[in-house]
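[1] Got a predicted structure here, sequence first:
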Amino acid sequence: MLHGPTEFMHGESRRPINVRGIEVSATDTSQERSLKFARIIFDEMYQFVGILGPDGTLLECNRTALEEGGITPDEVFGKPFWETFWWTVTPKTQDELRAAIARAAQGEVIRYDVDIYARKSSKEIMTMDFSLSPVKDQEGRVVFLIPEGRNITEKKCFEREIAEKNAQIQELLERIKELEEISPEIFANISHELRNPAPATTRMREATEAELKWSQIVIERQIQHMARLLDDLADVSWISRGTVQLRRQQLPLRESLVSAIESVRPIIRGRSHKLTVDIPTEMIYIDADPARFAQIFSKLLTNAAKYTDPGGKIRVHARLEGQNVVITVGDNGAGISRDQLPRVFDLFSQMSSVFEPSEGRLGISLFLVRSLVSLHGGSIEARSDGPGKGSEFIVTFPAKVIATELCPADVPLETHTLQQNVFRVLVVDDNHDSADSCEILLHDAGFDARATYSVSEALLVAEQFRPQAILLNVEMPGINEYEVAKRIRATATGKSVVLIAVTGWGQEDDKRQIEAAGFDHHVKKPIDFANIQHLLESSRRNR
């Protein structure tokens with residue numbers, strides 16, 4: 001509804017407002033005001049919009065489009081639209097537009113993507129989501145055409161990158177399928193586990209740039225996962241054929257173990273595990289392939305981190321026993337049932353009854369670990385008191401003590417150091433992809449972020465991470481926003497933390513309820529990351 005004659009005017013003097021030569025005055029009639037407002041809206045629209053005659057002559061277009069293109073009205077008005085500067089990229093581009101105008105003049109709505117010139121000065125090319133809509137008079141005759149165009153160049157770049165990544169996924173699947181040791185049943189399981197690309201890729205035209213970036217993140221993670229799986233499967237193939245060649249050398253035990261720990265540090269840190277490391281200080285050397293030694297212990301540590309609850313304990317202990325070094329990787333995590341212990345190192349053994357369904361093992365990593373340890377002349381044993389009671393993997397390697405010389409004392413073994421000068425944000429969402437992608441975007445924006453997938457996990461992580469802001473999805477199953485806020489505020493770090501509720505509810509009553517529960521801010525789905533960033537930046541400045 002339009003305001004009265006003077007309600008929209010600024011200042012006590014009610015002076016006229018002038019926009020691009022259009023003067024809006026308090027004395028304008030309602031009809032005059034409507035016409036002026038319409039023209040202001042038309043000219044200020046960021047995307048291209050215009051009016052064509054049914055023959056394709058450009059009669060009018062918004063001034064923003066002209067200014068962005070560096071074009072004057074005299075250069076384009078009164079000319080066939082396909083002859084205007086924007087469309088002179090190629091004769092084919094012009095012919096396609098002329099044909100589209102002819103179809104629109106018959107009453108058809110046209111829409112397609114097209115590359116046109118963006119600026120006259122540089123002849124820069126942009127991709128435009130272009131449409132033609134017929135306007136009919138009272139007798140049903142097409143009297144005007146409305147051309148509209150939206151710059152989707154960046155979006156198209158996202159789409160191309162996603163298409164390339166999807167192609168990489170397909171290539172990796174084909175390469176996996178070619179491995180002789182992979183049966184059709186195993187390949188089907190692998191394909192099912194990996195075929196989880198972002199849903200936004202199935203609806204490219206409707207997807208926003210934020211959704212496309214999220215799709216990129218998810219697919220990139222898929223590619224990395226598949227590449228690791230392909231490496232593992234290739235190792236399985238080589239081991240089965242007896243073609244693995246070790247490049248042995250004398251490795252310092254302490255430095256080699258620390259290097260393996262560093263490779264999985266992001267997983268350990270992300271789940272706030274407490275890691276204890278006990279390695280002899282003597283200069284102990286092992287005769288091993290550096291890459292394969294790191295592979296053995298990074299896989300054991302990854303398993304320990306992956307299947308131990310947030311805040312759990314992981315330990316690495318090494319000791320000398322005669323001419324051998326015995327290295328134990330233990331945890332207080334999911335554990336292994338007694339009947340499954342004998343099969344834990346079997347190729348493609350399924351362990352889903354022990355681990356969470358979403359993280360069921362394909363039974364490759366531990367097979368590789370045992371095989372690689374055996375190739376080095378060592379042995380490995382798995383121990384567990386049962387489900388929920390943790391597990392130990394005990395590796396024995398031939399070793400050599402050079403002397404009683406001590407290792408350097410400054411080898412870093414701590415698992416997590418808070419970034420004191422970086423604003424810390426904890427993300428809580430049971431949708432793993434949403435939480436993970438939000439964590440990545442926050443990192444890119446300069447925040448120290450952690451993703452968690454439940455309230456209980458978030459409370460454990462918060463004890464060590466000490467977040468300054470928490471981004472919480474209050475629509476997770478079993479969530480009561482009052483109770484959650486109360487539990488967070490009751491913790492040592494929760495009293496001053498900025499609580500941001502993420503919800504699909506957007507009514508004023510919903511906002512009041514969220515505020516009453518103890519939250520500082522309310523963000524409606526789908527999340528506008530720019531809004532999140534603004535809230536966090538404001539909180540950082542005010543802390």
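    It's in. Numbering: from 1, shown residues only.

[2] Could you list the low-confidence segments of the stretch 301-450 of the chain?
    Along the stretch 301-450 of the chain, the parts satisfying pLDDT under 70 run over 347-363, 401-421.

[3] Kindly recompute the last result at 90.
    302-313, 316, 318-324, 333-372, 375-376, 385-389, 397-423, 428-450 (pLDDT under 90).

[4] before we move on, what about the stretch 51-200 of the chain?
    61-71, 73, 118-124, 150-200.

[5] could you pull out the helices for it?
    For the stretch 51-200 of the chain, the helices defined by DSSP state H, counting those that start in this stretch cover 63-69, 73-76, 91-104, 153-178, 184-194.

[6] gap between Arg370 and Glu439?
    34 Å (C-beta to C-beta, to the nearest Å). To be clear about C-beta, it is placed using only N, CA and C from the backbone, and glycine gets the same treatment.

[7] Just the element for the residue minimising distance to the centre of the chain, please.
    Nearest to the geometric centre of the chain sits Ser437, at 2.7 Å (C-alpha atoms, centre = their mean). Here Ser437 is covered by helix 432-444, with elements defined by DSSP states H and E.

[8] Tell me which helix or strand comes right after that helix.
    From helix 432-444, the next helix or strand downstream (DSSP H and E) is strand 448-452.

[9] Which residues does that following strand contact?
    If you take C-beta atoms under 8 Å, 6 or more residues apart in numbering as the criterion, strand 448-452 is touched by 270, 272, 310, 418-419, 422-429, 432, 435-436, 438-439, 442-443, 458, 461, 465, 467.

[10] switch to 7 Å and redo it
    270, 310, 419, 422-428, 435-436, 438-439, 442-443, 458, 461, 465 (C-beta atoms under 7 Å, 6 or more residues apart in numbering).

[11] just the buried members of these?
    270, 310, 423-428, 435-436, 438-439, 442, 458, 461, 465 (16 or more other C-beta atoms under 10 Å).

[12] mind checking how far His534 is from Ile22?
    32 Å.

[13] Could you do Thr503 as well?
    Per C-beta to C-beta, Thr503 is found 41 Å from Ile22.

[14] more neighbours, these two?
    Neighbours of Thr503 and Ile22, each counted by other C-beta atoms under 10 Å, are more numerous for Thr503; the result is 20 against 13.

[15] For stretch 323-340, buried residues please.
    Buried, per 16+ other C-beta under 10 Å, within stretch 323-340: 324-336, 340.

[16] Restricted to helices, list the residues you listed.
    Assignment to helices by DSSP state H places none of those there.

[17] can you put these in TSV and add distance to Phe130?
    Conversion of those to TSV gives the following (distance: C-beta to C-beta, whole Å):
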residue	distance to Phe130
Asn324	72
Val325	69
Val326	69
Ile327	64
Thr328	65
Val329	59
Gly330	62
Asp331	58
Asn332	60
Gly333	56
Ala334	55
Gly335	60
Ile336	60
Gln340	60
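
[18] Just the ones of those residues in strands?
    Applying DSSP state E to the buried residues of stretch 323-340, the entries found in strands are 324-331.
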